[in-house]
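# Show me how the following folds:
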Amino acid sequence: MQSTTALTSLTLAALAMPGLAEARPVTLTAQLTDYGGEGAYLAAYVTDAQGAYQGTLWLAGPEAKWWSHLGDWYRASGGAVPDGVTGASVGSGRNLTVTVDLADALIDAGYQIRLDSAVEDMGEFAADAVVPLTSASAGKAVAGNGFVRSLSWR
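Numbers count the residues shown, from 1 in each chain. Prediction:
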């Protein structure tokens, strides 16, 4: 089972709510289905209660020329990726596990983590998996709709 771990300096407080300093390390885990194709590109990002993009948490997939296939994320972010939040694509049936700093104020405030996915010659899924940033959802996996079997945070 492949796992990628990275502690980034991204604190969404600076993106979503300037002036907030309290943050905690949060671990995101995405388990992919066994789809049998090339490695998946994944974009993990935060949206607010109205669904508006707030910031990128992680981008799995090293070649920028393919990022446009991560539909909702690409349109919302314009393909801009903060330093230190990219890694390798994730293989069929494998896991992506990343640790990021997340502003405490985002928990239980209507925010959510979205995960877009794309696999070469197999399709794209905007909001393949969406998990609310609530105390009740911490540690509980939600099902994906495409290449993602499940997504959780803790």
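
# quick one: contacts of the one helix or strand Asp116 maps to?
Element membership of Asp116 [criterion: DSSP states H and E] is strand 112-119. If you take CB atoms under 8 Å, 6 or more residues apart in numbering as the criterion, strand 112-119 is touched by 28, 30, 32, 35, 37-47, 57, 61, 66, 69-74, 124-133, 144, 146-148, 151, 153. To be clear about C-beta, it is placed using only N, CA and C from the backbone, and glycine gets the same treatment.

# For PyMOL, write a command that selects the buried ones of those.
Buried residues among these (16 or more other CB atoms under 10 Å), as a PyMOL selection:
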select buried, resi 28+30+32+35+39+40+41+42+43+44+45+46+47+57+61+69+70+71+72+73+74+124+125+126+127+128+129+131+132+133+144+146+147+148+151+153
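
# re the thing from before, parallel or antiparallel, which strands does the strand holding Asp116 pair with?
strand 41-47 (antiparallel), strand 123-132 (antiparallel) (DSSP bridges).

# who does the helix or strand that comes right after the shortest one pair up with?
Scanning the chain past strand 41-47 towards its C-terminal end, the next helix or strand to appear is strand 53-60 (assignment: DSSP H and E). Partners of strand 53-60 in the sheet, by DSSP bridges, are strand 41-47 (antiparallel), strand 86-87 (parallel).

# Can I get whichever helix or strand comes after strand 53-60 in PDB? Just the C-alpha atoms.
For strand 53-60, the following helix or strand on the C-terminal side (DSSP H and E) is helix 71-77. C-alpha atoms of helix 71-77 as PDB (Å, rounded to 0.1, in the frame of the first residue of the first chain):
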ATOM      1  CA  GLY A  71     -12.300  20.400 -13.200                       C
ATOM      2  CA  ASP A  72     -13.800  22.300 -10.300                       C
ATOM      3  CA  TRP A  73     -10.400  22.800  -8.500                       C
ATOM      4  CA  TYR A  74      -8.800  24.100 -11.700                       C
ATOM      5  CA  ARG A  75     -11.600  26.600 -12.500                       C
ATOM      6  CA  ALA A  76     -11.700  27.900  -8.900                       C
ATOM      7  CA  SER A  77      -7.900  28.100  -8.400                       C
END
